[in-house]
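Undergrad: mind looking at a prediction? Sequence and model below.
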Amino acid sequence: MKTLLENIDTIIFDFGGVLYRINPEDSFSAFTKLINKSGVKVSREVILSRLVVPYEKGELSSPGFINGLRSYCNNVIDNNELIRIWNLTLKELYPDSFQILSYFKKYYDILLLSNTNEIHYEFFKPECREIFSLFRKKYFSYQIGMAKPDNEIFNYLIEDAGINKSKSLFIDDNTANIATAKAMGFRTLLLDNRNKLSELFHTVKKYTQNNEI
């Protein structure tokens with residue numbers, strides 16, 4: 001872990017799955033039951049490609065997204081129920097996220113780069129005001145019209161935040177996002193196990209206290 005941090009001055013965090021606990025399966029399972037009940041045949045991949053991805057890129061409005069979901073349920077579900085199901089994905093901030101970020105902020109420039117959408121953002125924003133205040137800059141895909149793993153969102157971040165990618169560590173739980181960042185020259189950490197973030201935190205604490213980072 002220490003090697004990962006050598007010559008690093010910036011850490012870029014993903015949000016869902018890294019700082020905030022999520023379970024998208026809860027939303028998709030609930031939608032699948034509604035869709036099957038309505039007799040409509042549509043795959044998760046179709047919902048992702050036609051609705052979720054455009055919505056997270058800001059290409060689709062919230063009403064357009066909700067109307068799209070309703071169309072797969074034979075238009076029998078009201079808006080509030082669809083929004084409730086969509087937000088089942090979102091659970092809570094991980095208990096140690098604020099502590100970790102607060103400490104990292106002392107030694108690094110910290111940025112947030114998240115694929116998200118307006119409905120989710122409005123749901124978690126009240127809970128996350130304090131933790132969001134720790135970041136110098138925050139990038140939410142639906143607000144800037146780009147999404148990971150496309151190169152353009154990383155290029156946008158580099159230019160807008162004025163960072164050196166070779167001195168930046170990108171942390172994400174998605175292999176495709178990590179692959180793009182790594183190919184572009186970022187240092188990367190795949191959080192396939194969230195304990196890795198705690199390990200990184202303890203490494204930073206150990207070596208900063210010894211003035212080795």
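TA: Good, I have the coordinates. Numbering: from 1, shown residues only.

Undergrad: can you report how many residues lie near residue 115?
TA: Counted by other C-beta atoms under 10 Å, the residues lying close to residue 115 total 24. Quick note: C-beta positions are derived from backbone N, CA and C, even for glycine.

Undergrad: my guess is it meets residue 53, correct?
TA: No - applying C-beta atoms under 8 Å as the test, residue 115 and residue 53 come out as separate, 9.0 Å apart.

Undergrad: what is in contact with these two at once?
TA: The contact sets of residue 115 and residue 53 overlap at residue 147 (C-beta atoms under 8 Å, 6 or more residues apart in numbering).

Undergrad: what bits of this protein have low per-residue confidence?
TA: 1-2, 38-41, 75, 211-213 (pLDDT under 70).

Undergrad: which parts of it are helices?
TA: Counting by DSSP state H, the chain has helices at residues 2-5, 24-38, 44-47, 53-56, 62-71, 79-86, 97-104, 118-132, 141-144, 151-161, 175-184, 195-209.

Undergrad: most tightly surrounded among these?
TA: Most buried of the helices of the chain, by mean neighbour count (mean count of other C-beta atoms under 10 Å): helix 53-56, with a mean of 21.

Undergrad: specify the beta-bridge partners of residue 137.
TA: Here residue 137 sits in beta bridges with residue 111, going by DSSP bridges.

Undergrad: give me the neighbour count for it.
TA: 15.

Undergrad: right, and it touches residue 113 too?
TA: No - Residue 137 lies out of contact with residue 113 (C-beta under 8 Å); the separation is 9.2 Å.

Undergrad: how about residue 97, nearest residue that isn't a chain neighbour?
TA: residue 19 (4.3 Å; C-beta to C-beta, 6 or more residues apart in numbering).

Undergrad: check contacts around that neighbour.
TA: 13, 93, 94, 97, 101, 131.

Undergrad: okay if I get these as a markdown table plus distance to residue 165?
TA: Listed next are the contacts of residue 19 as a markdown table, based on distance: C-beta to C-beta, whole Å:
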| residue | distance to residue 165 |
| --- | --- |
| 13 | 15 |
| 93 | 28 |
| 94 | 26 |
| 97 | 24 |
| 101 | 21 |
| 131 | 24 |
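
Undergrad: among those, which two are most distant?
TA: The distance between the two most remote of those (C-beta to C-beta) is 12.5 Å, for 13 and 93.
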